[in-house]
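>>> Mind folding the following:
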Amino acid sequence: MAKSFSGGLQALIAGFGAIVWTTTLLLSGSAGAQAVVNTVKLGACDDLLGVCLANPTQRYKHGVFGQPFEYGTILTIDENGAALRPYNLPFEQVFEDRRVRVVDLDDDRLSEVILIVADRNRGAAIALYAFDPGDDGNSATVYPMAQSDFIGAPNRWLNPLDGAVDLDGDGSREIAVIETPHIAPTLRVHQWNGGQLDTLARIPLGGYSNHAFGSLQLAGSLFCEADTTGRALVQIPRADGGPAGVFIFDLADGTLLLTELQPTDRYTADFFMQNRACAALLEQLG
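Numbers count the residues shown, from 1 in each chain. Next comes the predicted model:
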């Protein structure tokens, strides 16, 4: 399992503004080892798993991040800097994302990766990928496990909230996204069901959203455990830049109620900071 990017890696800023990892591999089997330079253009990575977005492409022209490219591949990087086992999307799809979100939705101590996939004709969907750390004879890899329905129209996007909550007590956590955060922000709560991410609730948000068009900032909205099964604490920024709202989502009746709880600013894209932020919200509930 990759723990950090070290060894033969050199980070350079190049084409499309992406990081280029130059990896030097030694191929033995002859009298002298042969050095081979393998260059891969990478985007966002999770540096604990070594899972990265890769291969920037201009085949999907939406520009939600203010940049002319998205990514066509997700792959793993080992501790020596070698690119391993890529998973490539079909030509009509891209990863319309700038983050690699790592979760364990079912407490099996195996990580899942959450990414935004966009289709040329159907817009975005939320997708769940399995991370296989490999063993002595096999390299680490990622592969698709489940996906929501696409929004259904071109250039329609969504942005996940940070965190996951077991709403129904079945041992598997639910996740949440905000659909179309720029034109009609709507909270969607999803349950992992085999190869599908089913929609449990869909609630219009009015003046709250978790992304501004053209921004690279994706963190800031939270989906946290509450004080009882069936409820979640939800923090969402205001679309006009005002103070974020803290809501309670109730699965039983599908409602989202604004509370008087104070939003926390103790969050980043980092998993551990998300946990601290959720703990700060839960503490206010008493």
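>>> Where does the nearest residue to Asn121 once chain neighbours are set aside sit: helix, strand or coil?
Nearest non-adjacent residue to Asn121, counting by C-beta to C-beta, 6 or more residues apart in numbering: Pro154, 5.8 Å away. To be clear about C-beta, it is placed using only N, CA and C from the backbone, and glycine gets the same treatment. What DSSP: H, G, I helix; E, B strand; the rest coil gives for Pro154 is coil.
>>> so what's Pro154 up against?
120-123 (C-beta atoms under 8 Å, 6 or more residues apart in numbering).
>>> mind checking how far it is from Gly123?
Relative to Gly123, Pro154 is positioned 6 Å away (C-beta to C-beta, to the nearest Å).
>>> and if you look at Leu158?
8 Å.
>>> now swap in Pro181 and tell me
Taken as C-beta to C-beta, the span from Pro181 to Gly123 is 13 Å.
>>> Give the intersection of the neighbour lists for the two.
Trp157.
>>> Listing request: residues of the stretch 151-286 of the chain with sub-threshold pLDDT.
268-270 (pLDDT under 70).
>>> quick one, helices of this structure?
271-285 (DSSP state H).
>>> Break it down into its domains, please.
Per automatic domain parsing, the structural domains of the chain span 1-154, 157-286.
>>> Give the residues shared as contacts by Leu158 and Gly123.
Ile151.
>>> bridging residues for the nearest residue to Glu70 once chain neighbours are set aside?
The shortest distance from Glu70 to any non-neighbouring residue, by C-beta to C-beta, 6+ apart, is to Val94 (3.9 Å). On the basis of DSSP bridges, Val94 takes part in beta bridges with Ala118.
>>> most neighbours, which of the contacts of Pro154?
Ranked by neighbour count under the definition other C-beta atoms under 10 Å, these are headed by Gly123 with 22 neighbours.
>>> which residues does that residue contact?
Gly123 neighbours (C-beta under 8 Å, 6+ apart): 150-157.
>>> Kindly supply the ChimeraX command isolating those of those that are buried.
The following ChimeraX line selects those of the contacts of Gly123 that are buried, judged by 16 or more other C-beta atoms under 10 Å:
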select :150,151,156,157
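>>> Specify which member of the contacts of Gly123 is nearest to Leu258.
Trp157 (24.6 Å; C-beta to C-beta).
>>> For the closest one, which non-adjacent residue is spatially closest?
Computed as C-beta to C-beta, 6+ apart, the closest residue to Trp157 that is not its neighbour in sequence is Ala124, at 4.7 Å.
>>> Could you check how far that neighbour is from Val100?
16 Å.
>>> list the contacts for the residue nearest to Trp157?
96, 116-118, 150-151, 156-158.
>>> Name whatever forms a beta bridge with Val189.
Ala176, Ala201.
>>> count of neighbours near it?
24.
>>> close enough to count as contact, it and Ile178?
No. With contact defined as C-beta atoms under 8 Å, Val189 does not reach Ile178; the gap is 10.8 Å.
>>> I'd say Glu96 and Val64 touch.
Yes. Glu96 lies in contact with Val64 (C-beta under 8 Å); the separation is 6.5 Å.
>>> Mind jotting down where the strands sit in the stretch 101-250 of the chain?
101-103, 112-119, 123-132, 141-147, 158-160, 175-179, 186-193, 196-204, 222-225, 231-236, 245-250 (DSSP state E, counting those that start in this stretch).
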